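Asker: Structure of the sequence below:
(chains A and B)
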Amino acid sequence: MMTPEPRRIVGPVAVLGFGTMGGGIAQLYAQAGFVVVVLEVSEELLDRGRDRVDAFLQDGIRRGKVSEESREATLGRIRGTTDPAELAGADLVIEAVAEELDAKLSALALAADVVGEGAIIGTNTSSLSVTELANGVPEPARFAGLHFFNPAQLMPLVEVVRALQTADETVASLIDVSHRIGKEPVEVADRPGFLVNSLLIPYLNQVIQSYDEGLSSAEDLDLAVELGLGYPMGPLKLLDLIGLDVHLHAAEAAYSQTRRPEFAPPPLLRKMVAAGYLGKKTGRGFRTGAEP
Amino acid sequence: MTHGLVQQTVGVVGAGTMGAGIAITVARAGHRTILVDLDDARLQDGLDRVIRFLNRSVELGKLEPERRHGALAGLSGATALDALGDCDVVIEAVYEDLALKAETFGRLSGICRRDAVFHTNTSTLSVTAIAAGATWPERVVGTHYCNPAPLMKLVEVARARQTGEEAYQQTLRFLESLGKICATVQDTPGFLVNRFLIPFENDCIRALEAGVATAASIDRAVELGLRYPMGPFRLLDIVGLDIHRAVSLALYEQLRDPRLAPPPLVDRMIAAGELGRKTGSGFYTYDTAGMFGG
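Answerer: Modelled structure (predicted):
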């Protein structure tokens, strides 16, 4: 197959949403020298997003990874706005608003109106269909998934997700720009959970179900996976870190699109979320607080 | 000297990869070790492997020369189970076949001391069914070592339904004397590690079959996105597709979980002789210099 020439993205880059993921993505592009415009719905959310990026950079300075000049330059290249008109001129849009179909569709429609049909548009969705989102913008051939992992600043992988409508040139351009910001892109098909989550969700579900069936203690379970498979973190510790509600949401989304039993949230997961045992953030989970 | 446990006499039955690896681990910890294989050539091969490993460990500065001396002085081989009459612990590591393993414990029951502890190093079979072959099944415990046994810290300890508390406690103490770390798991097909690993690998193979991404991309996504030490296809090429299929099928037959069924691509690759590194071709292609394609 002929690989098309990528279009060289030069910026400005428009990021929709200044939450954890949006801020991380904005920081990545700004650090790589791109001018970044971030759209949010309120000044308050813009301030909060900027503070979060600043805190991340300050932490980098403390750990000797970031210089003061680079912190200032990075922040200087990120401009926040509540006015969609200010996205004009962007040649790449990355949508990172709340993980809800309607919220994403309306943010994408706003941005698509302003940037015109020449800009490439990516969505950082993790659980929605990229093909369905692509259908919400004019010229869906320039649309693809661009799935970062949390924290986006540190995790090297980016999944470039090809929707049914996505043009080869769009994929090539996103792979090219991902390399240029120091990421490792992999091209994957638009399937529920894409690649990494489609592999992770059944594994974590099976772990929860096996634990519920008394396979071993929570501690031994994590220990066996860490020592026997060399994974960086046992699955129950990982679930506490991700948040059990976040995993439940991801599993439900994948199950509703596939109806495959391996994606169905196991009963213990639902019970723990119902009880408010969400992991680290609530002080109780599989390995946090008392064993369930 | 051993870690707080008196020197024991330990029999290892089966001198294949796992048996020899376990014998290394046991001898290195200072126990008297008797390696048994009914096949003389295989026994010699297993003993050679133990000696080579211990010599190499000294060369690499990982083992004190005196400890090698002690290990080799306490090491012997035999081609009959009769040699195991004095053993405190007997570790069975014969071919992964239920009838063979159960029968081995039946024969050991007539040879070994009444108070010996019996370990079975099965990876896919029921410890309970294996223990049923022994005269004193309460003395039988499942101990699943990870490959390579001398290097991997983890041992999964599985109690059969018949296993007594005393044998279980003795097993934990013995494994501690080997420097192992134990995870206690139920006697369930694949225990814990394989129960999670095999369906994950099959999911990866099915994603490849479905064209979600290339093998190299899936490996990279797993290594970078999940931070696993090795992508699934690189690992499968090392394990061998034939071995993966056998483990997968053994677990599928016991659990009937479709994620455990070997995907059709595995059968195709085996039919084509693409078993992984050992045949020079699997998900990747290899030459003596290593991987050059994908």
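Asker: any idea of the pLDDT on the closest residue in space to B:Arg67 that isn't next to it in sequence?
Answerer: Distances taken as C-beta to C-beta, 6 or more residues apart in numbering or on different chains put B:Arg28 closest to B:Arg67, at 6.8 Å, once the chain neighbours are dropped. To be clear about C-beta, it is placed using only N, CA and C from the backbone, and glycine gets the same treatment. Predicted confidence (pLDDT) for B:Arg28: 96.
Asker: Tell me which stretches of chain A form helices.
Answerer: Counting by DSSP state H, one finds helices in chain A at the ranges A:20-31, A:43-62, A:68-77, A:101-115, A:130-134, A:168-180, A:196-212, A:218-229, A:235-242, A:244-258, A:267-274.
Asker: okay, those helices, which one's buried deepest?
Answerer: Among these, helix A:20-31 has the highest mean neighbour count (mean count of other C-beta atoms under 10 Å in any protein chain shown), at a mean of 24.
Asker: gap between that one and the chain center?
Answerer: Between the centre of helix A:20-31 and the centre of its chain there are 11 Å (C-alpha atoms, centre = their mean, to the nearest Å).
Asker: what packs against it?
Answerer: When contacts are defined as 3 or more C-beta pairs under 8 Å, 6 or more residues apart in numbering or on different chains; DSSP states H and E, helix A:20-31 packs onto strand A:13-16, strand A:36-39, helix A:43-62, helix A:68-77, strand A:78-81, strand A:143-148.
Asker: Close to chain A: what parts of the stretch 101-250 of chain B are there?
Answerer: Residues of the stretch 101-250 of chain B lying near chain A by C-beta under 8 Å from any C-beta of the partner chain: B:146, B:152-154, B:156, B:181, B:183-186, B:188, B:192-193, B:195-197, B:199-200, B:203-204, B:207, B:210-213, B:217-218, B:220-222, B:224-230.
Asker: Please list the members of the residues you listed that lie in strands.
Answerer: Using DSSP state E, the subset of these located in strands is B:Leu154, B:Glu156, B:Ile181, B:Ala183, B:Thr184, B:Val185, B:Gln186.
Asker: Is it possible to get JSON lines of those that adds neighbour count?
Answerer: JSON lines is the format used below for those (neighbours: other C-beta atoms under 10 Å in any protein chain shown):
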{"residue": "B:Leu154", "neighbour count": "21"}
{"residue": "B:Glu156", "neighbour count": "26"}
{"residue": "B:Ile181", "neighbour count": "16"}
{"residue": "B:Ala183", "neighbour count": "25"}
{"residue": "B:Thr184", "neighbour count": "19"}
{"residue": "B:Val185", "neighbour count": "25"}
{"residue": "B:Gln186", "neighbour count": "16"}
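Asker: what two of these have the greatest distance between them?
Answerer: Largest separation among those by C-beta to C-beta: B:Ile181 and B:Gln186, giving 18.2 Å.
Asker: Average pLDDT for stretch A:248-266, rounded please.
Answerer: Averaged across stretch A:248-266, pLDDT comes to 95.
Asker: now do stretch B:273-285
Answerer: For stretch B:273-285, mean pLDDT rounds to 96.
Asker: What residues sit buried inside it?
Answerer: Residues B:Glu274, B:Leu275, B:Gly276, B:Arg277, B:Thr279, B:Ser281, B:Gly282, B:Phe283, B:Tyr284 are the ones in stretch B:273-285 that count as buried (16 or more other C-beta atoms under 10 Å in any protein chain shown).
Asker: ok, what's across the strand from the most centrally placed residue in chain A?
Answerer: Geometric centre of chain A, nearest residue: A:Phe148, 4.1 Å, by C-alpha atoms, centre = their mean. A:Phe148 has the following beta-bridge partners by DSSP bridges: A:Val158.
Asker: I'd assumed A:Gly24 was in contact with it.
Answerer: Yes. Judged on C-beta atoms under 8 Å, A:Phe148 makes contact with A:Gly24 at a distance of 6.8 Å.
Asker: Contacts only, for the residue nearest to the centre of chain A.
Answerer: Contact analysis of A:Phe148 by C-beta atoms under 8 Å, 6 or more residues apart in numbering or on different chains lists A:Met21, A:Gly24, A:Ile25, A:Asn124, A:Met155, A:Val158.
Asker: ok, so of those, who is nearest A:Gly228?
Answerer: Nearest to A:Gly228 among the contacts of A:Phe148, with distances taken as C-beta to C-beta, is A:Met155, at 24.2 Å.
Asker: With adjacent residues omitted, what lies nearest to that closest one?
Answerer: A:Phe149 (3.7 Å).
Asker: just B:Ala15 next, same as before
Answerer: B:Gly46 (2.7 Å).
Asker: you'd agree the one you found is up against B:Ala23?
Answerer: Yes. In this structure, B:Gly46 is within contact of B:Ala23 by C-beta under 8 Å, at 6.9 Å.
Asker: Now do the shared contacts for the two.
Answerer: Counting by C-beta under 8 Å, 6+ apart, the shared contacts of B:Gly46 and B:Ala23 are B:Ala15, B:Leu35.
Asker: what about these two, which has more around it?
Answerer: Shown here are B:Gly46 and B:Ala23; by other C-beta atoms under 10 Å in any protein chain shown, B:Ala23 has more neighbours (32 against 26).
Asker: B:Val193: how many residues sit nearby?
Answerer: B:Val193 has 20 nearby residues by other C-beta under 10 Å.
Asker: which residues does it contact?
Answerer: For B:Val193, the contact set (C-beta under 8 Å, 6+ apart) comprises A:Ala224, A:Val225, A:Gly228, A:Leu229, B:His144, B:Cys146, B:Leu154, B:Glu156.
Asker: of those, closest to A:Ala253?
Answerer: When the contacts of B:Val193 are compared for distance to A:Ala253 (C-beta to C-beta), A:Val225 wins out at 24.7 Å.
Asker: Quick check: phi and psi at the nearest residue to that closest one once chain neighbours are set aside.
Answerer: In space, and not counting its chain neighbours, A:Val225 is closest to A:Gly234: 4.8 Å by C-beta to C-beta, 6+ apart. Here is the backbone geometry of A:Gly234 (degrees, to the nearest 10): phi -60, psi 150.
Asker: thought A:Gly234 was touching A:Asp222?
Answerer: Yes. Under the criterion of C-beta under 8 Å, A:Gly234 makes contact with A:Asp222 at 2.3 Å.
Asker: anything in contact with each of the two?
Answerer: What both A:Gly234 and A:Asp222 touch, as defined by C-beta under 8 Å, 6+ apart, is the set A:Arg287.
Asker: How many residues are close by B:Glu64?
Answerer: Neighbourhood size, B:Glu64 [other C-beta under 10 Å]: 11.
Asker: tell me the contacts of it?
Answerer: Residues near B:Glu64 by C-beta under 8 Å, 6+ apart: B:Val58.
Asker: try it again with 10 Å
Answerer: With contact set as C-beta atoms under 10 Å, 6 or more residues apart in numbering or on different chains, B:Glu64 has these partners: B:Ser57, B:Val58, B:Gly70.
Asker: Look at it and report its pLDDT.
Answerer: B:Glu64 is given a pLDDT of 94.
Asker: following the host helix or strand of B:Met18, which helix or strand comes up?
Answerer: Assigned by DSSP states H and E, B:Met18 falls within helix B:17-28. On the C-terminal side of helix B:17-28, the closest following helix or strand by DSSP H and E is strand B:32-36.
Asker: what's near enough to touch the residue lying closest to A:Gly214 once chain neighbours are set aside?
Answerer: Leaving aside its chain neighbours, A:Gly214 sits nearest to B:Gln186 (6.2 Å; criterion: C-beta to C-beta, 6+ apart). By C-beta under 10 Å, 6+ apart, the contact set of B:Gln186 is A:Ser210, A:Glu213, A:Gly214, A:Leu215, A:Ser216, B:Val127, B:Gly142, B:Ala158, B:Arg159, B:Leu192, B:Arg195.
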